[in-house]
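Asker: using only what follows, build the 3D model:
(one chain, ligands or ions: 2)
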Amino acid sequence: MSRDDPRIQAVKNLVELVEDFPKPGILFKNLFPVLRNPAVFNGLIQVLSEDIKARCSGVEVIVGLDSRGFLFGPGVALQLGVAFVPVRKKGKLPGETISVEYSLEYGKDSCEIQKNSIRPGQKVVIIDDLLATGGTMKAACDLMEAAKAEVLACVVVIELNELNGKDKLKYPVISYLS
Ligand SMILES: O=P(O)(O)OC[C@H]1O[C@H](OP(=O)(O)OP(=O)(O)O)[C@H](O)[C@@H]1O
Ligand SMILES: Nc1ncnc2[nH]cnc12
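Answerer: Ligands and ions are numbered 1, 2, ... in the order given. Now for the predicted structure:
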């Protein structure tokens, strides 16, 4: 089981916990120290890639979420020899886009992909650093459905179990730390 993999334990040891950031009451889990340690960062990319290869047969596209999904998605896509496609927050992508709106704690936001970036029927795996309420990942799943892609799994390094983000998602969630 990958959660017990020493490469994941090494990641766990580097996660920085910051109280009351960015707001009072939030315990922020910062993965940036992992990127300062090439051996641990590489180990994480290897574990993610091995699991996706084993569990998401036929994956054709790794979809990374703006912005911290961009830290891990491209490395995994390179390992697997498949495409990387970014989901961006609104107004950042040129040309024709597909957008979906999603709810935040206060108000709404939207995210987008370039219309020609994913073909109907393509098998995709969505990657982000962390699943909290699940609103961001749900919006990405909705975008994939709008593009008629087939979502094989949602992969995050950290899942905040107490927020039940998984309940918003109808696809398998693969996570490593909580
Ligand atoms: O499950 P949710 O409640 O939607 O929260 C999880 C999202 O929040 C964070 O991103 P953030 O919006 O802070 O943007 P960033 O990656 O650009 O820092 C995190 O990287 C996830 O994308
Ligand atoms: N607790 C948390 N730590 C890091 N990123 C987050 N995004 C949403 N909640 C977060």
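Asker: how near is the residue nearest to residue 33 when sequence neighbours are not counted to residue 38?
Answerer: Distances taken as C-beta to C-beta, 6 or more residues apart in numbering place residue 14 nearest to residue 33, at 4.5 Å, with adjacent residues excluded. Heads up, the C-betas are built off the backbone N, CA and C, glycines and all. To residue 38, residue 14 is 12 Å away according to C-beta to C-beta, to the nearest Å.
Asker: residues touching residue 95, list them.
Answerer: Residues near residue 95 by C-beta atoms under 8 Å, 6 or more residues apart in numbering: 114, 115, 116.
Asker: what helix or strand is the residue nearest in space to the middle of the chain on?
Answerer: In the chain, the residue lying closest to the centroid (C-alpha atoms, centre = their mean) is residue 128, at 1.7 Å. Using DSSP states H and E, residue 128 sits in strand 123-131.
Asker: report the beta-bridge partners for residue 16.
Answerer: Beta-bridge pairing for residue 16 (DSSP bridges): residue 30.
Asker: what's around it, how many residues?
Answerer: Around residue 16 there are 11 other residues, counting by other C-beta atoms under 10 Å.
Asker: any idea how far it lies from residue 26?
Answerer: Distance from residue 16 to residue 26, by C-beta to C-beta: 14 Å.
Asker: for residue 151, same thing?
Answerer: According to C-beta to C-beta, residue 151 and residue 26 sit 28 Å apart.
Asker: so the two - more neighbours on which side?
Answerer: Shown here are residue 151 and residue 26; by other C-beta under 10 Å, residue 151 has more neighbours (20 against 12).
Asker: the more buried one and residue 171 touch, don't they?
Answerer: Yes: using C-beta atoms under 8 Å, residue 151 is in contact with residue 171, at 4.7 Å.
Asker: any common contacting residues for these two?
Answerer: Common contacts of residue 151 and residue 171, defined by C-beta under 8 Å, 6+ apart, comprise residue 141.
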